[in-house]
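Visitor: Structure of the sequence below:
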Amino acid sequence: MKKDPVANSTKVSVTFEMPADIKAETLTLVGDFNDWDVSATLLKRRKDGVWAKTLRLAPGTYRFRYLADGATWHNDPTADGYEPSGFGEDNSLVVVGA
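Guide: Here you go, the predicted model:
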């Protein structure tokens, strides 16, 4: 996960990435920032095979996960932390700002 400040803004550009070894036709980013909408934020596979999507987020802590092919959930291995989801698994966390 990469974080870069956005010029003249309190927002931060956050690039979410998942390894090339995720075997899927589609991978979506689902979390607090898109109301857990499983179709709102589709990642793209880069030439190197890594899945990626960049979002501009306001300061705060966000819970998120990845959904492969609408069926299999994945956590981010580079997340800032993890917390129980209440559904028997953990959510990934990204912390934006101080």
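Visitor: contacts and neighbour counts: CA atoms only from here.
Guide: Noted.
Visitor: Kindly list the longest strand within this structure.
Guide: strand 60-68 (DSSP state E).
Visitor: For that strand, buried residues please.
Guide: T61, Y62, R63, F64, R65, Y66, L67, A68 (16 or more other Cα atoms under 10 Å).
Visitor: Among those, which one lies nearest to I22?
Guide: Of all the buried residues of strand 60-68, I22 sits closest to A68, with 8.1 Å by Cα to Cα.
Visitor: hang on, S13 packs against V6?
Guide: Yes - using Cα atoms under 8 Å, S13 makes contact with V6 at a distance of 6.1 Å.
Visitor: Could you pull out the strands in the chain for me?
Guide: For the chain, the strands defined by DSSP E cover 2-5, 12-18, 27-31, 44-45, 51-57, 60-68, 72-74, 81-84, 90-96.
Visitor: If you count contacts, what does the last one end up packed against?
Guide: This points to strand 90-96. strand 60-68, strand 81-84 (3 or more Cα pairs under 8 Å, 6 or more residues apart in numbering; DSSP states H and E).
Visitor: before we move on, what about the longest one?
Guide: Using 3+ Cα pairs under 8 Å, 6+ apart as the contact criterion, the secondary-structure elements in contact with strand 60-68 are strand 27-31, strand 72-74, strand 90-96.
Visitor: what's the answer for the third one, then?
Guide: Counting contacts by 3+ Cα pairs under 8 Å, 6+ apart, strand 27-31 is packed against strand 60-68.
Visitor: Note down every partner strand of the strand it packs on and its orientation.
Guide: With DSSP bridges as the test, strand 60-68 is paired with strand 27-31 (antiparallel), strand 72-74 (antiparallel), strand 90-96 (antiparallel).
Visitor: Save those strands as TSV, and put in mean pLDDT and mean neighbour count too.
Guide: Converted to TSV, those look like this (pLDDT from 0 to 100; neighbours: other Cα atoms under 10 Å):
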stretch	mean pLDDT	mean neighbour count
strand 27-31	97	23
strand 72-74	95	14
strand 90-96	96	21
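Visitor: would a markdown table of those strands with distance to D48 be doable?
Guide: Shown next, in a markdown table, are the strands paired with strand 60-68 (distance: least, Cα to Cα, whole Å):
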| stretch | distance to D48 |
| --- | --- |
| strand 27-31 | 16 |
| strand 72-74 | 20 |
| strand 90-96 | 24 |
